[in-house]
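A.B. asks: need coordinates for the below:
(chains A and B)
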Amino acid sequence: MTVLAAAGARVGTRRRVKIGHVLVVVTAIVIGLVMLAPFAWMLSASLKLNKDVFTFPIQWIPTQPRWQNYVDIWTKIPLALFIWNTAKITIAVTVLQLLTSSLAAYAFAKLRFPFRDTLFLGYIATIAMPWQVYMVPQFLLMRELGLHNTQWSLIVLQAFTAFGVFLMRQFYQSIPDELCEAARIDGMNEYQIWWRIMLPLSKPALSTLTIFTFVTTWNDFLGPLIYLTKTELKTIQIGLRMFISQYSAEYGLIMAASVVALIPVLVVFLALQRFFVEGIASTGLKG
Amino acid sequence: MPIELHPQSRVQASAALRARPASSVSLRGVRKAFGSVLALDGIDLDIDPGEFIALIGPSGCGKSSLLRLIAGLDEPDEGELRIAGADVADVPARERHLAMVFQAYALYPHLTVFRNLALPLEIAKLDRPTVERRVERIAEILDIVHLLNRRPGLLSGGQRQRVALARALVRESPLYLLDEPLSHLDAPQRRALRARIRTLHEELGATFIYATHDQAEALAMADRVVVMNEGRIAQVATARGLCDHPAPGFVAGFLAAETMAGALDARRAALSAEPLQ
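C.D. replies: Numbering: from 1, shown residues only, chains lettered A, B, ... in the order given. Now for the predicted structure:
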């Protein structure tokens, strides 16, 4: 959006429109439309009867919008319960990940201990391993621990991530060591430095990690599919499948529920995106 | 009675802090290498409680390394370090009860100046009125009262340096380490602050170790001056002694070079000032 606006402004002030600019703007608009089309289709489908969803050519604005879909989704399946379940898991996972990642990252970035960098390399090397490779043995392990069919299984498994540690450590390395040293001399222990100095300074990194974790956990399908089989434990993403029966699928309702499921993700993203580029860490130092 | 006991114990606590005697510092055969670079090569030095010691020498001579070692930010490879008579080899920085001014300020960017100064006192679990009183007092002495509600990012270099100085001095600790605390100030500010630091030293009765590259500053402020070169101590003497009997070789050369440089600076200033009139 800003790119488009900036490009537009430049074109306006320059008066002589260059072909290159036009091409860039047109390409950006086309790509933007391609990205937005599925969302538009989803919104439109959520207001249609099941039989009208797949009519062709696509009727983007339904002649008779069926708002009843947005009422039915709450009664046909226990959607409110699914949202509550998803929220519980997502918030727990996000909070735990922020805590564990930033604490581990502090140690990897600012403390000195034997084999620090080797351990770190080993840890982030696990990012390269796809989850599909070890999800079955992991499932067996969780079943042995008796966590199968509990929401704890999903929370515990996702409470620690190598990616989060990596992201936070990169950011902490940009915070000057002198700040930690000054804090140590001021009498703080390492946990106090982490809590009082590093965490407040790492808002941009924490926001980024919050967005990543929240979106991934909220939208997770495979994890809940494997671990949660009882209806009362299900999350939205697997709960939506209840609209699909053996011979038919309620596409209008699925799309309506999907739109509802999208709202929290959108809210989190919009609330935190402004921190993405904000950097205040080095302003207390020289220069 | 119990109501009276509480404030009284508070008064006693803060009195005890102020009465905390100054620390002696003693180094024996201290060595420190960073990779293949030998930063400190056998340092022997005894500093009396309450003394004002200046460390001078060319850049890279080991002044900062020595301060960081005393502070506990780095560990010596060899040798013994005692603060107030106690071997501090296993004492972490936060338990050494000293305050330090960093050359790069190291102010907490997310906190206001007031919170920057108050934080070390809050960590020491002082009560709110004491914290406020001390912060206000030190802010007056260093002329930063009007900056208390600002964040470090909005301050000029000189202002940041005064805040960094204040954050160390507010601690009222038995030992102060100052790493080039006035290096980013202009000459008049530097002269004014020299006098204030000296006054604070008298008032606090604490031990000061003050690293500087400015000879005039060292000679003007310190009880004794330690001249360092290439990780070794070249000479320890009073200002008078250093001027009257500089050790032959490096010290004499260093002092002379600085004097010459100072004279040249003065001459350059004088010459460039003339055409303007």
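A.B. asks: so B:Leu81 is in which element?
C.D. replies: If you go by DSSP states H and E, B:Leu81 is part of strand B:78-83.
A.B. asks: next one: the next helix-or-strand element following that strand to chain centre, how far?
C.D. replies: Remark: after strand B:78-83, the chain's next helix or strand is strand B:86-87, criterion DSSP H and E. For strand B:86-87, the gap between its own C-alpha mean and the chain's C-alpha mean amounts to 21 Å (C-alpha atoms, centre = their mean, to the nearest Å).
A.B. asks: tell me how far the residue most central in space within chain A lies from A:Phe160.
C.D. replies: By C-alpha atoms, centre = their mean, chain A has its centre lying nearest to A:Val215, at 2.1 Å. Separation of A:Val215 from A:Phe160 (C-beta to C-beta, to the nearest Å) stands at 18 Å. Where C-beta positions appear, they are placed from N, C-alpha and C, glycine not excepted.
A.B. asks: and if you look at B:Arg133?
C.D. replies: In this view, B:Arg133 and A:Phe160 are 46 Å apart by C-beta to C-beta.
A.B. asks: same thing with B:Asp143?
C.D. replies: For B:Asp143, the distance to A:Phe160 - C-beta to C-beta - is 50 Å.
A.B. asks: on that earlier part again, pLDDT on the strand holding B:Leu81, on average?
C.D. replies: Here strand B:78-83 scores 92 as its mean pLDDT.
A.B. asks: B:Arg133 and A:Phe160 - which one has more neighbours?
C.D. replies: A:Phe160 (15 against 12; other C-beta atoms under 10 Å in any protein chain shown).
A.B. asks: quick one: contacts for the residue nearest the centre of chain B?
C.D. replies: Ranked by distance to the mean C-alpha position of chain B (C-alpha atoms, centre = their mean), the top residue is B:Leu178 at 1.7 Å. B:Leu178 sits next to B:100-101, B:165, B:168, B:197, B:208-211 when contact means C-beta atoms under 8 Å, 6 or more residues apart in numbering or on different chains.
A.B. asks: assumed it was part of a helix.
C.D. replies: No: judged by DSSP: H, G, I helix; E, B strand; the rest coil, B:Leu178 forms no part of a helix; its state is strand.
A.B. asks: show me the contacts for B:Pro248.
C.D. replies: So B:Pro248 contacts nothing (C-beta under 8 Å, 6+ apart).
A.B. asks: state the pLDDT value of B:Asp44.
C.D. replies: Value for B:Asp44, per-residue pLDDT: 93.
A.B. asks: in the stretch 101-250 of chain A, what residue spans correspond to helices?
C.D. replies: Remark: helices assigned in the stretch 101-250 of chain A by DSSP state H, counting those that start in this stretch are A:116-125, A:131-144, A:151-158, A:162-173, A:177-185, A:190-193, A:199-201, A:203-219, A:222-227, A:236-239.
A.B. asks: the first one: which residues count as buried?
C.D. replies: When neighbours are counted by 16 or more other C-beta atoms under 10 Å in any protein chain shown, the buried residues of helix A:116-125 are found to be A:120, A:123.
A.B. asks: same check, this time on the fourth one
C.D. replies: Going by neighbour count (16+ other C-beta under 10 Å), the buried part of helix A:162-173 is A:162-169, A:171-172.
A.B. asks: separation between the closest residue to A:Thr100 other than its chain neighbours and A:Ser153?
C.D. replies: Closest residue in space to A:Thr100, ignoring its immediate chain neighbours: A:Phe160 at 5.1 Å, by C-beta to C-beta, 6 or more residues apart in numbering or on different chains. Between A:Phe160 and A:Ser153 the computed distance is 14 Å (C-beta to C-beta).
A.B. asks: and what of B:Leu98?
C.D. replies: For B:Leu98 relative to A:Ser153 (C-beta to C-beta), the value is 50 Å.
A.B. asks: hang on, B:Asp167 packs against B:Ala118?
C.D. replies: That one is not Asp; residue B:167 is Arg. No: with contact defined as C-beta atoms under 8 Å, B:Arg167 does not reach B:Ala118; the gap is 9.3 Å.
A.B. asks: pLDDT weak spots in chain B?
C.D. replies: Within chain B, the stretches with pLDDT under 70 are B:1-20, B:260, B:262-264, B:266-277.
A.B. asks: for it, what spans make up the helices?
C.D. replies: With DSSP state H as the criterion, chain B has helices at B:2-19, B:63-71, B:113-123, B:128-141, B:157-169, B:187-204, B:215-221, B:239-244, B:250-273.
A.B. asks: mind listing what's buried in the strand holding B:Leu81?
C.D. replies: Neighbour counts over strand B:78-83 (16+ other C-beta under 10 Å) mark B:79, B:81-83 as buried.
A.B. asks: what's the closest of the residues you listed to chain A?
C.D. replies: Proximity of those to chain A (C-beta to the nearest C-beta) peaks at B:Ile83, which lies at 13.1 Å.
A.B. asks: which one of the helices of chain B lies closest to B:Glu230?
C.D. replies: Ranking the helices of chain B by proximity to B:Glu230 (C-beta to C-beta) places helix B:250-273 first, at 8.6 Å.
A.B. asks: I'd like the helices of chain B written out as a markdown table, with distance to A:Ala205 added.
C.D. replies: As requested, the helices of chain B are exported to a markdown table (distance: least, C-beta to C-beta, whole Å):
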| stretch | distance to A:Ala205 |
| --- | --- |
| helix B:2-19 | 38 |
| helix B:63-71 | 28 |
| helix B:113-123 | 22 |
| helix B:128-141 | 31 |
| helix B:157-169 | 25 |
| helix B:187-204 | 37 |
| helix B:215-221 | 41 |
| helix B:239-244 | 50 |
| helix B:250-273 | 46 |
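A.B. asks: out of the ones you listed, which gets nearest to chain A?
C.D. replies: Nearest of those to chain A, taken as C-beta to the nearest C-beta: helix B:113-123 at 3.9 Å.
A.B. asks: got a list of what the residue nearest to A:Thr100 touches?
C.D. replies: Neighbour list for A:Phe160: A:96-97, A:100-101, A:104 [criterion: C-beta under 8 Å, 6+ apart].
A.B. asks: how close does B:Ser156 sit to chain A?
C.D. replies: 12 Å (C-beta to the nearest C-beta, to the nearest Å).
A.B. asks: no further questions, thank you.
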